[in-house]
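>>> let's see this in three dimensions:
(chains A and B)
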Amino acid sequence: MKILFFASLRELMGDSIELDIQLPVSLETLRSEIQQAHPEHADYFRPSRTLAAVNQTIAQDSQIINDADEVAFFPPVTGG
Amino acid sequence: MDYIAVREADFVFQEEYDQLRQNSGENGAVVCFSGLVREMGVTDQTQAMHIEHYPGMTEKSLQTIIDQARVRWPLSQVRIIHRVGRLNAGDQIVFVGVSSQHREAAFDACRFLMDYLKTEAPFWKKEITPEGDIWVEANEKDAVAREQWKN
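This is a model prediction of the structure:
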C-alpha cells in the first residue's frame, strides 16, 4: 500500500513509499512494519514524534487500515 | 458562509474585513486576526520560512475546525486564509475573521479558530537561517491553549 509523508518525514523517507503488507491491519501494525522496513528511521515513527492521518483525518493507533485508505505520517503540526 | 483559502498569494486585510461586513444587517461585531512571520524564530536570525501543507487534508481540517466553532457560537461569516510556500520576516501568514451578532462570540470564536488551527491543521514551518534550514518544533503552549477550550 502507498504511504505518504510530509515535512521532516518527507525529507527522510521521500514523498511516499509502497509497503508490501496484507490488509486490513491496525495503524499500530502499519507503523511497526515501516519501522522494520526502515530501521535507520525507526525512532522517528514513535507515536509521540509522529502523527498519522487516515483518509485525511488524524487517526489513533487502533484504527484499522483497509485497501482503499489514504495513509499519511507527519510530525506534529506548526502552522499559524 | 465559510471561506477557506490555502494559497501562496498574500491577502489584503481591508478586503477581508469588507467581505465580513457584507450582508451584516444583524451583526454587531467583526473580529479579525492576522499572524505574521517573526524575525525571532527558532534562531534569532530567521530571514524567511517555507510553509508546507498536506493538500486536501488542510482544507478538510480547517472546515472541521470552523464546524466546531459554529456549534459553540452563533457566527455569521467565517474567513480563514493560510499562506504556504516561501515567506519573509514580517509577511502575513494567516488571517482568521468572524462576524457575529455580539462581540463575545466573535472574540471567542476567533481565538478558538486560531488555537485549533495551530494544533490540528496540517501545516509545517521550516525556518531558513544563515546556518541552514530548521524545521520548527510543535510548541507545548499551543497545545495548552487548545486544551483550555475543552473545559
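>>> can you list the weak-confidence ranges in chain B?
Within chain B, the segments meeting pLDDT under 70 span B:41-44.
>>> bridging residues for the residue lying closest to B:I128 once chain neighbours are set aside?
Nearest non-adjacent residue to B:I128, counting by CB to CB, 6 or more residues apart in numbering or on different chains: B:A48, 4.5 Å away. (Glycine included, C-beta is placed from N, CA and C.) On the basis of DSSP bridges, B:A48 is bridged to B:N88, B:I128.
>>> neighbours around B:K125, how many?
B:K125: 23 surrounding residues under other CB atoms under 10 Å in any protein chain shown.
>>> same question for B:A109, what's its three-state structure.
What DSSP: H, G, I helix; E, B strand; the rest coil gives for B:A109 is helix.
>>> and the gap between it and B:V31?
In this view, B:A109 and B:V31 are 8 Å apart by CB to CB, to the nearest Å.
>>> what pLDDT does whatever residue of chain A ends up closest to chain B get?
With CB to the nearest CB, the shortest gap between chain A and chain B falls at A:G79, namely 2.7 Å. pLDDT, A:G79: 96.
>>> who are the contact partners of it?
B:I51, B:H53, B:H82, B:I93, B:V94, B:L117, B:K118, B:A121, B:P122, B:F123, B:W124, B:K125 (CB atoms under 8 Å, 6 or more residues apart in numbering or on different chains).
>>> grab the nearest non-local neighbour of the residue in chain B that chain A sits nearest to.
Going by CB to the nearest CB, chain A is nearest to B:F123 of chain B, at 2.7 Å. Spatial nearest neighbour of B:F123, excluding adjacent residues (CB to CB, 6+ apart): A:G79 at 2.7 Å.
>>> could you do B:R83 as well?
What sits nearest to B:R83 in space, not counting adjacent residues and going by CB to CB, 6+ apart, is B:I93, at 5.5 Å.
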